[in-house]
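Asks: build me a model:
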Amino acid sequence: MKSAQRNRVRIIGGQWRRRLLDFPDAEGLRPTADAVREKLFNWLGQDLPGWYCLDLFAGSGALGFEAASRGAAQVVMVERNRTVCNALRENIAMLAANNIILECADGVKWLTQAAPARFDLVFIDPPFASKLQAAILTILPAIVKPSAYVYVEHDGSLDVPAGWTVWREGRAGRAHFNLLKLDDHA
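Replies: As a prediction, the model looks like this:
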């Protein structure tokens, strides 16, 4: 049995700094570590005023809540697991996070129906076993702004598809992570 401490994530910056959010047990759900989120937002410049963000495969919501806390105009969280979706809904309500839209849907299907050239920042962190990262990167150019950043978390086996430049990269334990930009805007 997991401890309650293990099923909590802490927001590390912005208006909800130090707030703890609970999330349920779910297969493949592993929140992005505090140190990794801190590094990512250092790369991005800490605050995201006016940014439109997509947290695909939201899981615990750690990345999306962090972006919303740091001033993003809107964060769309997409999560297919109903239990996890309910927990995200509760956390959104607890924070009165009116800049977060929750979509309880399959991430890949939702992505293929998304409006074009909309997002400044996309978080891609599906369960490692799914190996969806590269396939999603081939779809993303249609729905991101030309200057967008894409954060990808993976198991170290990601082959970044043509059209993307690795802008920053790191590793924490088994998790590898990249911050990508479209080639024309690297």
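Asks: hmm, Cys53 is touching Ser69, no?
Replies: No - using CB atoms under 8 Å, Cys53 makes no contact with Ser69, being 11.4 Å away. All C-beta atoms are positioned from the backbone trio N, CA, C, and that covers glycine.
Asks: which of those two has more neighbours?
Replies: Cys53 (27 against 23; other CB atoms under 10 Å).
Asks: check contacts around the residue nearest to Glu169 when sequence neighbours are not counted.
Replies: Once its chain neighbours are removed from consideration, Glu169 has its nearest residue in Asn178; the separation is 4.7 Å (CB to CB, 6 or more residues apart in numbering). Residues counted as contacts of Asn178 (CB atoms under 8 Å, 6 or more residues apart in numbering) are 151-152, 154, 158, 160, 166-169.
Asks: dump the residues you listed to a markdown table, plus neighbour count, secondary structure and distance to Asp25.
Replies: Conversion of the contacts of Asn178 to a markdown table gives the following (neighbours: other CB atoms under 10 Å; DSSP: H, G, I helix; E, B strand; the rest coil; distance: CB to CB, whole Å):
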| residue | neighbour count | secondary structure | distance to Asp25 |
| --- | --- | --- | --- |
| Tyr151 | 25 | strand | 24 |
| Val152 | 24 | strand | 24 |
| His154 | 21 | strand | 22 |
| Leu158 | 19 | coil | 26 |
| Val160 | 17 | coil | 31 |
| Val166 | 13 | strand | 33 |
| Trp167 | 15 | strand | 34 |
| Arg168 | 16 | strand | 31 |
| Glu169 | 12 | strand | 30 |
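Asks: now these as a markdown table including pLDDT and distance to Arg8?
Replies: A markdown table is the format used below for the contacts of Asn178 (pLDDT from 0 to 100; distance: CB to CB, whole Å):
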| residue | pLDDT | distance to Arg8 |
| --- | --- | --- |
| Tyr151 | 97 | 22 |
| Val152 | 96 | 25 |
| His154 | 92 | 24 |
| Leu158 | 90 | 28 |
| Val160 | 93 | 32 |
| Val166 | 96 | 31 |
| Trp167 | 96 | 31 |
| Arg168 | 97 | 27 |
| Glu169 | 96 | 28 |
